[in-house]
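[1] Okay, here's the prediction I keep looking at, along with the sequence it came from:
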Amino acid sequence: EAALGRINALDGELNCFITVDSAAAMREAKAADERLSNGSPGPLTGIPIAHKDIFCTSGLRTSCGSRMLDGFTPPYDATVVERLRSAGAVLIGKTNMDEFAMGSSNENSFYGPCANPWDLSRVPGGSSGGSAAAVAAGLISAATGTDTGGSIRQPAAFCGITGLKPSYGLVSRLGMIAYASSLDQGGPMARSAEDCAVLLNAMAGHDARDSTSAQRTPENYCDGLNSTVEGLRIGVPKEYFGEGLDGSVAKVIEAALKEYEAMGATLHEISLPRTALSIPAYYVIAPAEASTNLSRYDGVRYGHRCDEPRDLEDLYTRSREEGFGDEVQRRILVGTYALSSGYYDAYYKKAQQVRRLIAGDFSSAFESVDIIAGPTTPGVAFELGSKTSDPTAMYLEDIYTLSVNLAGLPAMSLPAGFSNGLPVGLQLIGRHFEEARLLAAAHQFQ
Ligand code: GLN
């Protein structure tokens with residue numbers, strides 16, 4: 001009731017939610033009360049959460065921020081939804097996002113932009129902007145997000161919350177609407193590393209229905225939270241502090257690193273020399289995969305269908321033209337071009353080779369350090385509308401986050417301080433499947 005009351009009072013202005021199902025939430029809350037009084041609660045029993053509207057929810061509209069899926073009600077739950085449900089979480093609704101998770105500001109949503117609770121004239125970041133803003137504004141306790149190139153970490157940074165992008169394969173992608181399948185990964189967004197650990201315990205784990213799901217022995221991510229950072233070797237990539245980084249953001253990050261040093265960690269300058277190449281590599285690979293993933297929206301099976309098509313060609317063309325927004329169409333065009341015969345070697349293959357080199361740079365760095373730290377974003381939350389007419393300026397926002405997805409590594413963003421009253425995010429990057437180490441390092445800072 002408290003969560004629903006706060007949503008009623010504040011979401012008119014914030015626009016964090018695409019769908020709120022109060023009746024279902026109250027039913028789940030009653031069931032949670034019963035579970036609590038029976039003495040058999042799960043780790044999240046009664047905790048109000050929301051899912052990014054990219055996760056399929058049985059019987060509840062799942063739009064992916066797109067007109068294409070405005071009327072789509074899935075017949076099943078995503079694995080993440082199913083697991084959080086069985087851990088006892090109460091689902092309040094589905095959060096706003098950039099259409100098909102393409103964007104860094106939440107301005108590409110068919111349902112309108114979402115506002116940053118710290119300053120309503122600014123963006124909350126994207127694509128999981130609704131989830132970040134809803135947690136930051138206290139509408140819900142925690143939320144899910146997805147991160148293909150920074151979409152959990154960047155909005156977490158802009159809204160002053162904690163978000164974790166797990167290693168590729170740790171969290172099932174079943175029922176998570178595909179954007180770029182080799183990069184997409186779901187994860188928790190919450191107020192603290194400890195809350196993220198509780199959520200990750202429920203979300204992580206092998207899923208036989210996702211062929212890229214990792215087979216690993218389950219871990220309890222809460223267990224190691226109190227391990228000390230003494231002796232922890234923190235790599236500081238010099239490329240993350242160069243041109244383009246806002247000076248006052250740099251100061252906040254440097255102060256955070258000093259704090260780690262004071263707690264007994266050691267700082268080591270490292271180099272990730274292909275950082276700048278992550279933007280062109282990502283913006284070839286992600287649109288290429290998106291162009292194939294989005295070919296399923298043809299107006300025939302599900303999703304938007306145009307009125308009175310003249311023939312099959314017209315049905316495809318008009319359904320897609322009406323159903324997809326500008327950014328989605330731009331990426332389908334870029335991706336289709338990059339994959340077309342004659343260009344494949346020049347673009348897609350080249351980008352995959354660069355991807356391999358970027359992953360190699362991380363592997364060499366991790367031979368001498370335990371985690372890598374730096375800014376999550378080059379600046380703080382920007383003004384709504386300030387980058388919408390310049391896609392390249394928007395893509396540059398992702399400079400510190402993209403390479404992590406290209407390498408499949410875990411990374412998180414945690415609040416490090418403020419610059420002119422706006423939150424600054426500290427990014428921690430770990431070795432494959434070393435989420436526990438990241439969460440502990442974040443918890444010690446908090
Ligand atoms: N901003 C990046 C993009 O637009 C990343 C989005 C994401 O992580 N889903 O593709």
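    Yes, it's here.
[2] For the strand or helix carrying residue 236, name the packing helices and strands.
    Residue 236 is located in strand 233-237, with elements delineated by DSSP states H and E. The contact analysis (3 or more Cβ pairs under 8 Å, 6 or more residues apart in numbering; DSSP states H and E) places strand 233-237 against helix 247-262, strand 266-270, strand 371-375. Any C-beta I mention is one placed from the backbone N, CA and C, and that applies to glycine too.
[3] what's the pLDDT at whatever residue of the stretch 251-400 of the chain ends up closest to the ligand?
    Proximity to the ligand, evaluated over the stretch 251-400 of the chain using Cβ to the nearest ligand atom, is greatest for residue 398 at 4.8 Å. Note on residue 398: pLDDT of 95.
[4] quick one, helices of the protein?
    Remark: helices assigned in the chain by DSSP state H are 2-14, 22-37, 79-86, 129-136, 153-159, 193-203, 247-262, 278-293, 312-323, 326-339, 350-365, 391-396, 402-407, 435-445.
[5] closest one to residue 52 among those?
    For the helices of the chain, the distance to residue 52 is smallest for helix 129-136, at 5.2 Å, taking Cβ to Cβ.
[6] Now do that closest one: which elements does it pack against?
    In terms of contacts (3+ Cβ pairs under 8 Å, 6+ apart), helix 129-136 is packed against strand 17-20, strand 48-52, strand 90-95, strand 142-146, helix 153-159, strand 186-190.
[7] Is any residue of that helix near the ligand?
    No - taking Cβ under 6 Å from any ligand atom as the criterion, helix 129-136 and the ligand are apart, separated by no less than 10.6 Å.
[8] returning to what we had before: lowest-confidence stretch among the helices of the chain?
    For the helices of the chain, where the average pLDDT is lowest is helix 391-396, sitting at a mean of 89.
[9] Can you tell me which residues in the stretch 51-200 of the chain are near the ligand?
    For the stretch 51-200 of the chain, the contact set with the ligand under Cβ under 6 Å from any ligand atom comprises 101-104, 127, 147-151, 179.
[10] Could you export the residues you listed to JSON lines, including columns for neighbour count and pLDDT?
    JSON lines is the format used below for these (neighbours: other Cβ atoms under 10 Å; pLDDT from 0 to 100):
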{"residue": "101", "neighbour count": "30", "pLDDT": "98"}
{"residue": "102", "neighbour count": "28", "pLDDT": "98"}
{"residue": "103", "neighbour count": "28", "pLDDT": "97"}
{"residue": "104", "neighbour count": "28", "pLDDT": "97"}
{"residue": "127", "neighbour count": "34", "pLDDT": "98"}
{"residue": "147", "neighbour count": "29", "pLDDT": "98"}
{"residue": "148", "neighbour count": "27", "pLDDT": "98"}
{"residue": "149", "neighbour count": "30", "pLDDT": "98"}
{"residue": "150", "neighbour count": "32", "pLDDT": "98"}
{"residue": "151", "neighbour count": "36", "pLDDT": "98"}
{"residue": "179", "neighbour count": "27", "pLDDT": "98"}
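[11] out of the helices of the chain, nearest to residue 165?
    Of all the helices of the chain, helix 153-159 sits nearest to residue 165, with 5.9 Å by Cβ to Cβ.
[12] Next, count neighbours for the residue of the stretch 251-400 of the chain closest to the ligand.
    23 (other Cβ atoms under 10 Å).
[13] residues in contact with it?
    Shown in contact with residue 398 (Cβ atoms under 8 Å, 6 or more residues apart in numbering): 104, 149-150, 154, 278-279, 282.
[14] Can you pull the phi/psi pair for it?
    Per-residue torsions, residue 398: phi -90, psi 10 (degrees, to the nearest 10).
[15] tally of neighbours for residue 268?
    Burial of residue 268 is recorded as 14 neighbouring residues (other Cβ under 10 Å).
[16] same deal with the one 4 residues further on?
    Residue neighbour count, defined by other Cβ under 10 Å, stands at 23 for residue 272.
[17] Quick one: residues contacting it.
    Counting by Cβ under 8 Å, 6+ apart, residue 272 has contacts 237, 239-240, 358, 361-362, 365, 372, 403.
[18] And the residue nearest the centre of the chain, its phi and psi?
    Centroid-nearest residue in the chain: residue 152, 2.6 Å away (criterion: Cα atoms, centre = their mean). Main-chain torsions, residue 152, degrees, to the nearest 10: phi -100, psi -50.
[19] quick revisit: so which bits of the strand holding residue 236 are buried?
    By 16 or more other Cβ atoms under 10 Å, the buried positions in strand 233-237 come out as 234-237.
[20] Extract the CA atoms of that strand and return them as CSV.
    The C-alpha trace of strand 233-237 is given here as CSV (Å, rounded to 0.1, in the frame of the first residue of the first chain):
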residue,chain,number,x,y,z
ARG,A,233,44.6,-4.6,-5.9
ILE,A,234,42.5,-2.0,-7.7
GLY,A,235,43.4,-1.2,-11.3
VAL,A,236,42.8,2.3,-12.5
PRO,A,237,42.7,2.5,-16.3
